[in-house]
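Asker: mind looking at a prediction? Sequence and model below.
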Amino acid sequence: MARTPYAKSPRAVEAGGASAYSPAKRGLWTRARLVAVGGGGGGARSGLVRRGLVVGLFFALIVLVYHRDSGLNIVRPDTHRGSADADDWEPPSFPNVHAGSGHHDVLDGDETTTTSTTAAPKKKPGKLTPSASSLHAPAAVLGADIKLPVPQDYSPFYGGKSRRAIDISSDPLPVTATLQERLNVWRNAPGGRGAIDGEVELGKFVQWNLEKCTTISEQHNTHMIQKSANVWASMDRSIVQQKRMELINHMETLVGSQELKDVGEGRGIVMVAGNVDTLMRVKWSVQMLRSYGSQLPVQVYHFPSEAPNPDDEIIQQLADLNVTLVSAVGQKKDPKHNKSYHLKAIAVIQCPWREVLYLDSDSVPARDPEYMFKAPGYERLGIFCTPDYWKTSGNSPMWAIAGVKCRDEWEMETGQMFIDKARHLDVFYLIKYMLYNHHYWFYFSDGDKDIFRWAMLMLRKRWAVPGRWVAAGGLPGGTLSGDFCALSMIQHDAWGVPLFVHYNLMKTVPSGIGLGFSWGRSKQLPLFNTWPATPSTARLGEPRIRPTDGDKRGLGDVDCDMLADADEYGYARAPAQEMIMRRAVRERGVKAKYHGGSLSALCIDLDYVDVRSEERIKEDEKYRESFNTTAVDDAITEWQEAAEEAKRLGEPEPPRPYSVIPDWTSPVELWGWHNDPDMHAFENKIYGLGFVPNGHGF
């Protein structure tokens with residue numbers, strides 16, 4: 001069998017060690033075998049070599065044992081995998097969607113292309129085990145004073161070695177766990193068990209939180225912190241227990257109930273609207289859906305008091321679009337509030353469909369979204385949710401109420417969700433209860449959106465996420481307060497393709513927005529799928545040899561644990577492919593910021609910050625200054641020689657080594673909507689339907 005005549009390790013490439021790969025007339029394996037058995041000549045010299053090989057094998061065994069004990073040899077629990085099988089389905093391919101520089105190869109498991117077109121993967125991974133190349137940290141061969149961090153372990157559910165109660169209770173349960181099992185784990189989680197031996201005070205729980213959430217202050221939702229500071233400061237472990245048990249006791253009334261069995265059949269879309277403005281937004285959104293060929297039925301829920309007049313023309317206009325207005329059964333609107341938040345959960349619960357796409361009235365699909373019900377991440381976990389711009393402070397007592405250690409992750413933006421009620425109807429009953437009592441629970445969530453994430457975490461569930469972080473959908477030009485003004489959130493599908501335009505800020509702008517002045521460009525993060533990486537997209541420990549990591553989950557099947565709590569190496573709570581590890585690292589630094597709001601519109605822009613500590617920044621500077629570029633050049637020369645030898649012998653060409661050191665600058669890119677035909681046509685199409693961007697209803 002032909003063997004590759006090149007085997008220099010990524011660590012050796014960086015270290016610049018002595019060359020062992022000069023061209024020869026035999027393949028590398030053949031030469032090594034001859035030396036080991038005493039062939040090939042050399043006499044006493046070959047005997048020394050043989051003894052050297054024995055010593056080398058001994059040290060190699062030590063290294064293998066070390067890696068085994070380090071907790072990095074991960075075997076995925078089979079129970080986390082959903083039963084749905086999508087092997088017979090080939091998701092769509094979207095042309096002209098920016099995926100990175102065209103001169104780089106594109107990472108897609110172990111497939112290679114040389115195009116900037118984003119295509120959905122056509123296979124799903126098998127068992128999750130780390131590839132050798134993905135475990136290489138930068139070699140600290142340049143002096144003992146360079147202290148690069150050690151890659152962190154995965155969480156216990158994914159094979160990590162921690163056995164602390166707080167780490168185990170913070171993990172998910174298998175998708176097959178019952179509601180009662182979930183409530184039992186929640187009840188017994190540290191932080192909210194009351195006055196029992198060994199229970200921690202809230203201050204100790206905050207210390208646990210800060211293990212992962214010390215670098216997120218730049219991404220905090222400061223408005224919520226300011227609003228809630230007094231409530232948070234007044235809480236102790238007895239209040240935490242009281243609030244935890246209030247929720248658990250409510251959910252235990254549903255265990256085994258008929259309510260949780262009524263999951264419905266088929267698929268459909270649910271929305272919520274209660275006045276003229278929101279109903280018109282519903283109409284435009286559904287018209288856009290129908291223009292893409294979507295046939296999914298739509299129900300729009302409202303309170304009985306909000307029903308339009310029987311002769312209102314909007315009723316027939318919606319009926320012509322296969323939209324049904326539904327009065328929420330047994331519900332009354334709170335006269336003290338413009339919004340009745342719990343109606344969103346009620347709509348999902350009461351609708352007749354098992355699989356539901358929930359849409360806010362101001363979230364407009366950019367293409368037919370039905371294919372997402374077949375996305376691998378959704379099929380595996382039964383729910384697909386989109387991220388917000390903000391992260392939750394480790395000081396929030398809600399972490400202790402949930403019994404979950406603070407997660408360095410984005411809050412949820414629930415203007416669009418794909419839901420399988422057969423697996424998550426219990427979550428929506430918990431959401432309904434919390435939103436009905438929003439006067440208290442909104443001290444821990446800025447509006448209704450993050451209540452959904454808290455409910456998922458409390459019940460030890462996980463959710464699929466888009467293949468790309470939320471983009472800021474901007475006006476074609478700047479405003480008085482800045483060069484970039486985003487009034488919309490662009491949420492992506494499982495493969496990072498724009499799928500929804502959520503114009504939540506645009507509808508608050510009283511004037512100045514119209515056709516030709518509404519959209520045209522976005523600020524976004526890349527897909528991180530090019531090989532090799534660039535300094536602004538690389539992670540610490542970027543592999544020097546292209547990884548073969550098709551055994552891990554990647555684009556199309558990303559979940560929240562593959563991004564949460566990531567370190568500089570890209571190791572998050574769960575294993576992931578190389579491109580997802582890069583994404584996990586680089587999302588740590590992206591930051592949304594407001595500007596304007598007085599003489600111009602209140603806008604969002606994206607910035608980037610270096611979240612590393614001062615000590616880490618200094619160590620990286622030492623590392624970069626000491627990096628031996630000559631050694632890298634020598635390694636490339638040796639690779640070229642080995643490649644020529646392989647070609648001469650008819651053997652496979654060895655992988656080319658690369659050396660990319662992250663520079664921690666911004667990877668945020670400005671993306672023009674003309675790069676995607678659907679996005680390019682979006683503005684003209686929706687204005688052609690009579691769209692008006694602003695209105696009084698929210």
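Answerer: Everything's here; your move. Numbering: from 1, shown residues only.

Asker: show me where the stretch 551-698 of the chain has its helices.
Answerer: Along the stretch 551-698 of the chain, the segments classed as helices by DSSP state H, counting those that start in this stretch run 578-586, 614-626, 629-649, 677-687.

Asker: so for the first one, mean pLDDT?
Answerer: What that stands for is helix 578-586. In this model, helix 578-586 carries a mean pLDDT of 98.

Asker: biggest strand in the chain by residues?
Answerer: strand 410-420 (DSSP state E).

Asker: for the following helix or strand past that strand, buried residues please.
Answerer: Once the chain leaves strand 410-420, the next helix or strand it forms, by DSSP states H and E, is helix 421-436. Buried residues in helix 421-436, counted by 16 or more other C-beta atoms under 10 Å: 421, 423-436. C-betas here are computed from N, CA, C, even on glycine.

Asker: could you do stretch 297-309 as well?
Answerer: Using 16+ other C-beta under 10 Å as the test for burial, stretch 297-309 gives P297, V298, Q299, V300, Y301, H302, F303, E306, P308.

Asker: relative to M506, which of these is nearest.
Answerer: V300 (20.9 Å; C-beta to C-beta).

Asker: centre of the chain to the helix or strand the closest one falls within, how far?
Answerer: Using DSSP H and E, V300 maps to strand 298-302. Taking C-alpha atoms, centre = their mean, to the nearest Å, one finds strand 298-302 lying 29 Å from the centre of the chain it belongs to.

Asker: quick one: buried residues of the following helix or strand past it?
Answerer: Per DSSP H and E, the first helix or strand lying C-terminal to strand 298-302 is helix 313-319. Applying a neighbour-count criterion of 16+ other C-beta under 10 Å, one finds I314, I315, L318 buried in helix 313-319.

Asker: what helices or strands is helix 313-319 leaning on?
Answerer: On a contact count with 3 or more C-beta pairs under 8 Å, 6 or more residues apart in numbering; DSSP states H and E, helix 313-319 meets helix 276-291, strand 323-327.

Asker: who's in contact with the last one?
Answerer: Think strand 323-327. Strand 323-327 is contacted from outside by 282-283, 286, 297-304, 307-308, 315, 318, 347, 350-351, using C-beta atoms under 8 Å, 6 or more residues apart in numbering.

Asker: got it, and stretch 206-214?
Answerer: So stretch 206-214 is contacted by I166, K391, T392, S393, G394, N395, W399, K405, C406, R407, D408, D565 (C-beta under 8 Å, 6+ apart).

Asker: just the CA trace of stretch 275-292, in PDB.
Answerer: Taking C-alpha atoms only, stretch 275-292 is exported to PDB below (Å, rounded to 0.1, in the frame of the first residue of the first chain):
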ATOM      1  CA  ASN A 275     -54.100  46.100  16.100                       C
ATOM      2  CA  VAL A 276     -54.300  47.600  12.600                       C
ATOM      3  CA  ASP A 277     -50.500  48.100  12.300                       C
ATOM      4  CA  THR A 278     -49.500  44.600  13.400                       C
ATOM      5  CA  LEU A 279     -52.100  43.000  11.200                       C
ATOM      6  CA  MET A 280     -50.800  44.900   8.200                       C
ATOM      7  CA  ARG A 281     -47.300  43.800   9.000                       C
ATOM      8  CA  VAL A 282     -48.600  40.200   9.200                       C
ATOM      9  CA  LYS A 283     -50.100  40.700   5.700                       C
ATOM     10  CA  TRP A 284     -46.900  41.900   4.200                       C
ATOM     11  CA  SER A 285     -44.900  39.100   5.800                       C
ATOM     12  CA  VAL A 286     -47.300  36.400   4.500                       C
ATOM     13  CA  GLN A 287     -47.400  38.000   1.100                       C
ATOM     14  CA  MET A 288     -43.600  37.700   0.900                       C
ATOM     15  CA  LEU A 289     -43.900  34.000   2.000                       C
ATOM     16  CA  ARG A 290     -46.500  33.300  -0.700                       C
ATOM     17  CA  SER A 291     -44.200  35.000  -3.300                       C
ATOM     18  CA  TYR A 292     -41.600  32.300  -2.600                       C
END
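
Asker: which pLDDT does the model give the nearest residue to L318 once chain neighbours are set aside?
Answerer: With C-beta to C-beta, 6 or more residues apart in numbering as the criterion, L318 has its nearest non-adjacent residue at 6.2 Å, and that residue is K283. Here the pLDDT value assigned to K283 is 98.

Asker: how many residues are close by K283?
Answerer: 22 (other C-beta atoms under 10 Å).

Asker: and it, how close does it get to E313?
Answerer: 11 Å (C-beta to C-beta, to the nearest Å).

Asker: got the angle for the longest strand of the chain vs helix 421-436?
Answerer: Angle, strand 410-420 to helix 421-436, by axes from the mean of the first three to the mean of the last three C-alpha atoms, to 10 degrees: 130 degrees.
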